[in-house]
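> Okay, sequence plus prediction incoming.
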Amino acid sequence: MIIAVDGPTASGKGTIARALAAHFGLPVLDTGLLYRAVGYQTQLNHGDADKAEDALAACDFPDSLLDDPALRYETTGGLASRVSVHPAVRKALRRRQVDFANQPGGAVLDGRDIGTVIAPHADAKLFVTASPEERARRRHAEMLGRGVEVGFEAVLADIHARDARDTGRAEAPLIRAEDALLLDNTALDRDAAIAAAIAFVEGKVGKRG
């Protein structure tokens, strides 16, 4: 069973993907982490995330980088959004994602183009979203909780900028697959959003938990 979970930044798709993986006993891949690794490696290489050749060179990052806490930094998320617009980078990372999706027994993947590009044959697809303001509120609270002093308006501006890059890129833009459930969790708490996702998948493929 393959489950695709797509959506914009700070939508809660990662939380939902992990919950689905735990419920159905499947491995899970945060594909955004791969792009964060490329973005961060580009920085380590003293390259420019907006230059395709620099970002492509960073695709050869060591696997150990995926465990680096720096990949979770807000600045790294911005770098990931910038390198992801380059078609060469998306091509370089595609095989790793496709192989993960098609492993025996299935998998859960979350990202921006799972249901449309990486696993269009997925058994269940979800498009998780929330209003930009709500996503910024959540991200702002999370950052303050980590001791990062930042204004709400700056976080909201970054959300809008990432949305524009993700939906406006020529290669594999962020769009909802036609057969994906639209799960808008603007007014839902974590447990309610997870319950809705599980109920949808069970309705599509039957109970396997």
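Done, it's in. Bear in mind the structure is a predicted one, so any value in this text is a computation, not a measurement. Residues are numbered from 1 along each chain as shown.
> Over to residue 126: give its phi and psi.
With angles defined as degrees, to the nearest 10, residue 126 sits at phi -130, psi 140.
> and it, how many neighbours does it have?
Burial of residue 126 is recorded as 30 neighbouring residues (other C-beta atoms under 10 Å). Just so you know, the C-beta spots here come from the backbone N, C-alpha and C atoms, and that holds for glycine as well.
> pretty sure it is touching residue 185, no?
No - Residue 126 lies out of contact with residue 185 (C-beta atoms under 8 Å); the separation is 10.6 Å.
> what about the strands in the chain?
2-6, 28-30, 107-111, 124-129, 181-184 (DSSP state E).
> which one of these is the most hemmed in?
strand 2-6 (a mean of 29; mean count of other C-beta atoms under 10 Å).
> could you give me the average pLDDT of it?
Computed over strand 2-6, the mean pLDDT rounds to 98.
> And that strand, how far out from the chain middle?
Distance of strand 2-6 from the chain centroid (C-alpha atoms, centre = their mean, to the nearest Å) equals 10 Å.
> and residue 12, what is it in contact with?
By C-beta atoms under 8 Å, 6 or more residues apart in numbering, residue 12 lies in contact with 128, 130, 138, 185, 190, 193.
> Where helices are concerned, which of those residues count?
138, 190, 193 (DSSP state H).
> Tabulate those residues (CSV), appending pLDDT.
Rendered in CSV, the data for these read as follows (pLDDT from 0 to 100):
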residue, pLDDT
138, 95
190, 95
193, 97
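> Name only those of those that count as buried.
Among these, those scoring as buried are 138, 193 (criterion: 16 or more other C-beta atoms under 10 Å).
> name the helices or strands packed onto the least confident helix or strand in the chain by mean pLDDT?
Taking mean pLDDT, DSSP states H and E as the measure, the chain has helix 74-83 as its least confident helix or strand, at a mean of 90. In terms of contacts (3 or more C-beta pairs under 8 Å, 6 or more residues apart in numbering; DSSP states H and E), helix 74-83 is packed against helix 31-44, helix 152-168.
> Go through those helices and pick out the most buried.
helix 31-44 (a mean of 23).
> Just the residues contacting that helix, thanks.
By C-beta under 8 Å, 6+ apart, helix 31-44 touches 14, 48-49, 54-55, 57-59, 61, 65-66, 68, 70-72, 76-84, 89, 93, 96-97, 109-112, 114, 118.
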